[in-house]
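Novice: I would like to see how this sequence folds:
(chains A and B)
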There are 2 protein chains.
Amino acid sequence: MSNASEINYFTESGSVESVNVRIDEQADPRLRQVMESLVKHLHDFAKDVELTQAEWGTAIDFLTRTGQMCDSNRQEFILLSDVLGLSMLVDAINNRRPSGATENTVLGPFHVEGAPVREMGDTISLDGKGESCLFEGRVLDLKGNPVSGAKLDVWCDNADGYYDVQQPDIQPQWNNRGVFVTGEDGRYAFRGIRPVSYPIPDDGPVGQMLAALGRHPNRPAHMHFIISADGFETIVTHTFVADDPWLTSDAVFGVKASLLAAVEPGDAGDTMWKSRFDFILNKAGKD
Amino acid sequence: MSNASEINYFTESGSVESVNVRIDEQADPRLRQVMESLVKHLHDFAKDVELTQAEWGTAIDFLTRTGQMCDSNRQEFILLSDVLGLSMLVDAINNRRPSGATENTVLGPFHVEGAPVREMGDTISLDGKGESCLFEGRVLDLKGNPVSGAKLDVWCDNADGYYDVQQPDIQPQWNNRGVFVTGEDGRYAFRGIRPVSYPIPDDGPVGQMLAALGRHPNRPAHMHFIISADGFETIVTHTFVADDPWLTSDAVFGVKASLLAAVEPGDAGDTMWKSRFDFILNKAGKD
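Specialist: Below is the predicted model:
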């Protein structure tokens, strides 16, 4: 502990305590915990690198421009969180599962509630573009039993690398989206296109930061899934095309080793490609 | 070091390395150092508090609103930096001085270049408001020798707690501002008003954060000084009225114990108050 002068008045060495001692005793305990840790890590960062006034000014300008880039269609602060690995970290902290259960990855900004429920085997591709691909597999519990009545909400970009909501005047509504519900056998199957990689929006401050770090903005090709079933934890995840060139350098760090799905030549007379992946659900209320 | 899978693909335990390994070898070395430290402290923070998805969302929203509060007259991110003690910390890191030399404090947003040069003893108060106060003292080097030709650029708020630039239609231009240059004796003297405390702008996201933490927005009464002289380090500082009620709880942590200046009754027939303070300059190029 510092002496009274170091708490009441600012000193470089006592800076963290100077700030945190001001939080009122009546403040929400969780808010106190979060803010005390934030101030400690923020000050430790500035001390570790001996941040200059000019660098501080650059940071203020960067954060300001990031906020001002946001509107109803663009959330540049989420993008910043994504490219710093923070979004994936928060997702990981909040979705720890036992070994064997399918892992989460980031939701991303393009999920839309209310996609049409389709019959098993139906296609989700409505624009006729891209290389056809069959997605199939099972929804199982941790003991290998099929999960009946599991809802799979799936979505992906089109062959040009855009989601339907990014091109409302070009793509049919609900293009490359659908909801499928498993039967007794726990199996799912739907047709779509072989996913294609695409860049995150890089015409703003986050793109400038990536460029300065020598990082590309691309995400490896993937299919999004939200899988929910009564009595099980909901999974928010992707499967990733296992030979994608951006697989080990996803701009938002979404790839986990367990989420790779080989895309192989399809069966004669059916789709060009097929992608098999089994999803393993963890019982709700268990870790 | 982690194994290849932990570097290439995201894991909770290897999250920092996952992100930092992506910085290109050709990136600027200082940028690399700053970003690696930022990512480490940011992830350590999220792990320390086990940040929830909801809290992350609140933070994204807060930062977005902070950016969108900024315009040509309002810099909410600087205000955020101020109330988290970061502005003072960066100032301290970049202005370390030997014992005995006058310490820096934050510049603040209200300095204006080009204030009128006035004669020693002149007043800077042009609006006739407030309790009159004489400011006097010496500018000395670390050996106690007077510094000749030292320029003192001084400014403060008026009796209502506003700087002239905040009330361009109400206050005379250059109200409570002036530049004074010392002679051979190193002495300075000017008349103005006894400084009054005022709140920082608290009608935005930063004000909401302060309220949630049970912190008030007030700054203790102070007079701003920039003191420059050939061959010496420039000092950016304030003197603080030594009996101000907010002295130990300045919303921006600007107060250092060495910067308190007693404000005492003035001499008969002169100003109501007087405030004496000697400024001690450090030779340029020395630490």
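
Novice: any low-confidence regions in chain A?
Specialist: By pLDDT under 70, the weakly predicted segments of chain A are A:1-7, A:286-287.

Novice: contacting residues around the longest helix anywhere in it?
Specialist: Under DSSP state H, the helix in chain A containing the largest number of residues is helix A:29-49. With CB atoms under 8 Å, 6 or more residues apart in numbering or on different chains as the test, helix A:29-49 has contacts from A:15-16, A:19-20, A:23, A:51, B:33-34, B:37-38, B:41-42, B:44-45, B:48-49, B:51, B:55, B:84-86, B:89-90, B:93, B:212-213. (Each C-beta comes from the backbone N, C-alpha and C, glycine too.)

Novice: How about the contacts made by A:L86?
Specialist: Contacts for A:L86 (CB under 8 Å, 6+ apart) come out as B:42-43, B:46, B:56.

Novice: Out of the contacts of helix A:29-49, which end up buried?
Specialist: A:15-16, A:19-20, A:23, A:51, B:34, B:37-38, B:41-42, B:44-45, B:49, B:51, B:55, B:84-86, B:89-90, B:93, B:213 (16 or more other CB atoms under 10 Å in any protein chain shown).

Novice: so A:D153, which of the three states?
Specialist: With DSSP: H, G, I helix; E, B strand; the rest coil as the basis, A:D153 sits in strand.

Novice: What count of nearby residues applies to it?
Specialist: A:D153 has 21 neighbours, counted by other CB atoms under 10 Å in any protein chain shown.

Novice: Then A:R191?
Specialist: 20.

Novice: do the one 5 residues further on as well
Specialist: A count of nearby residues for A:V196, using other CB under 10 Å, gives 20.

Novice: Output the set of residues of the stretch 51-200 of chain A in proximity to chain B.
Specialist: Taking CB under 8 Å from any CB of the partner chain, the part of the stretch 51-200 of chain A that reaches chain B is made up of A:51-53, A:55-56, A:60, A:63-68, A:70, A:75, A:77-78, A:81, A:84-94, A:96, A:105.

Novice: ranges for the helices of the stretch 151-287 of chain A?
Specialist: With DSSP state H, counting those that start in this stretch as the criterion, the stretch 151-287 of chain A has helices at A:205-212.

Novice: What ranges does the stretch 151-287 of chain A have for its strands?
Specialist: Under the criterion DSSP state E, counting those that start in this stretch, the stretch 151-287 of chain A contains strands at A:151-155, A:177-181, A:187-193, A:198-199, A:218-219, A:222-228, A:235-241, A:260-261, A:263-265, A:273-276, A:279-281.

Novice: Mind giving me the packing neighbours of the first one?
Specialist: Counting contacts by 3 or more CB pairs under 8 Å, 6 or more residues apart in numbering or on different chains; DSSP states H and E, strand A:151-155 packs against strand A:177-181, strand A:187-193, strand A:222-228.

Novice: and the residue of the stretch 1-150 of chain A found nearest chain B, what does it touch?
Specialist: Closest residue of the stretch 1-150 of chain A to chain B, CB to the nearest CB: A:G67 (1.1 Å). Counting by CB under 8 Å, 6+ apart, A:G67 touches A:76-77, B:63-68, B:70, B:77.

Novice: separation between it and B:D24?
Specialist: From A:G67 across to B:D24, the span is 27 Å (CB to CB, to the nearest Å).

Novice: and what of A:A101?
Specialist: From A:A101 to B:D24 the distance is 35 Å (CB to CB).

Novice: These two: which is more packed in?
Specialist: Neighbour comparison, A:A101 and B:D24: the larger count goes to A:A101, with 22 against 13 (by other CB under 10 Å).

Novice: Dihedrals phi and psi, the nearest residue to that one once chain neighbours are set aside?
Specialist: Counting by CB to CB, 6 or more residues apart in numbering or on different chains, A:A101 lies nearest to A:N282, which is 4.1 Å off, once chain neighbours are set aside. Main-chain torsions, A:N282, degrees, to the nearest 10: phi -100, psi 140.
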